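Enquirer: Predicted model and sequence below, questions to follow.
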Amino acid sequence: MSRIGKKPVTVPAGVTVTIEGTTVTVKGGKGELTRTFSDLLTIAQEGEEILVTRNDDTTESNAQQGLTRTLINNMVVGVSEGYEKKLELTGVGYRVALKGKDLDLSLGYSHPVVYVAPEGISFDVPDNTHITVKGISKEQVGQVAAEIRSKRAPEPYKGKGIHYEGEHIRRKLGKAAK
């Protein structure tokens with residue numbers, strides 16, 4: 001039995017949820033998200049709560065119930081509050097600038113790296129070594145942050161590269177430690 005899947009999703013004021021079969025549309029102050037879920041489940045709205053119930057007792061529907069409930073909750077939180085991920089650039093000469101909606105990254109390569117902002121994502125650059133990725137879709141914000149991080153992942157000897165704010169980089173000692 002899925003303990004998470006049994007919990008109802010509370011819909012805050014200002015957010016409207018439309019359920020048509022297995023397709024759920026959530027509209028809020030920040031935007032609109034739509035997603036289609038598995039037909040092994042029944043999604044219903046009762047007042048200000050959304051319930052996800054299983055149609056049968058298979059292991060697959062049990063796993064789907066918790067996942068579906070979490071995805072619907074992420075949609076509700078996204079359109080009401082939004083999501084953000086913060087990245088830091090560490091290293092001499094590593095910097096970022098905002099050019100229109102896109103990021104211009106100097107990462108020690110012979111050329112600047114330009115990251116084009118996808119639809120629904122915005123960037124905030126408070127200074128030249130910090131990036132904030134913002135959006136209403138938790139999946140998309142995480143994916144974009146991971147793609148930016150992959151442009152120059154942190155290396156273990158000096159810790160240079162792009163890393164999440166607060167992320168601990170395991171350092172290696174190198175040759176001199178022998």
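Expert: Received the coordinates, thanks.
Enquirer: Which stretches in the chain count as helices?
Expert: Using DSSP state H, the helices of the chain run over 3-6, 59-80, 138-150.
Enquirer: Can you list the buried residues in the second one?
Expert: Which is helix 59-80. Going by neighbour count (16 or more other C-beta atoms under 10 Å), the buried part of helix 59-80 is 61, 64-80. To be clear about C-beta, it is placed using only N, CA and C from the backbone, and glycine gets the same treatment.
Enquirer: Then the first one?
Expert: Of the residues in helix 3-6, those scored as buried under the neighbour-count criterion (16+ other C-beta under 10 Å) are residue 5.
Enquirer: Out of the helices of the chain, which gets the lowest mean score?
Expert: Among the helices of the chain, helix 3-6 has the lowest mean pLDDT, at a mean of 83.
Enquirer: who's in contact with that one?
Expert: Helix 3-6 is contacted from outside by 52, 54, 62, 65, 66, 67, 68, 69, 70, using C-beta atoms under 8 Å, 6 or more residues apart in numbering.
Enquirer: Name the single longest strand found in the chain.
Expert: strand 83-90 (DSSP state E).
Enquirer: Let's test this: mean pLDDT of it, rounded?
Expert: On average, strand 83-90 scores 95.
Enquirer: That one to helix 59-80, inter-axis angle?
Expert: Calculated by axes from the mean of the first three to the mean of the last three C-alpha atoms, to 10 degrees, strand 83-90 forms an angle of 80 degrees with helix 59-80.
Enquirer: between strand 83-90 and helix 138-150, how many degrees?
Expert: Put simply, strand 83-90 runs at 10 degrees to helix 138-150, going by the same axes, to 10 degrees.
Enquirer: which parts of strand 83-90 are buried?
Expert: 83, 85, 86, 87, 88, 89, 90.
Enquirer: Pull the most distant pair out of the contacts of helix 3-6.
Expert: The distance between the two most remote of the contacts of helix 3-6 (C-beta to C-beta) is 15.0 Å, for 54 and 70.
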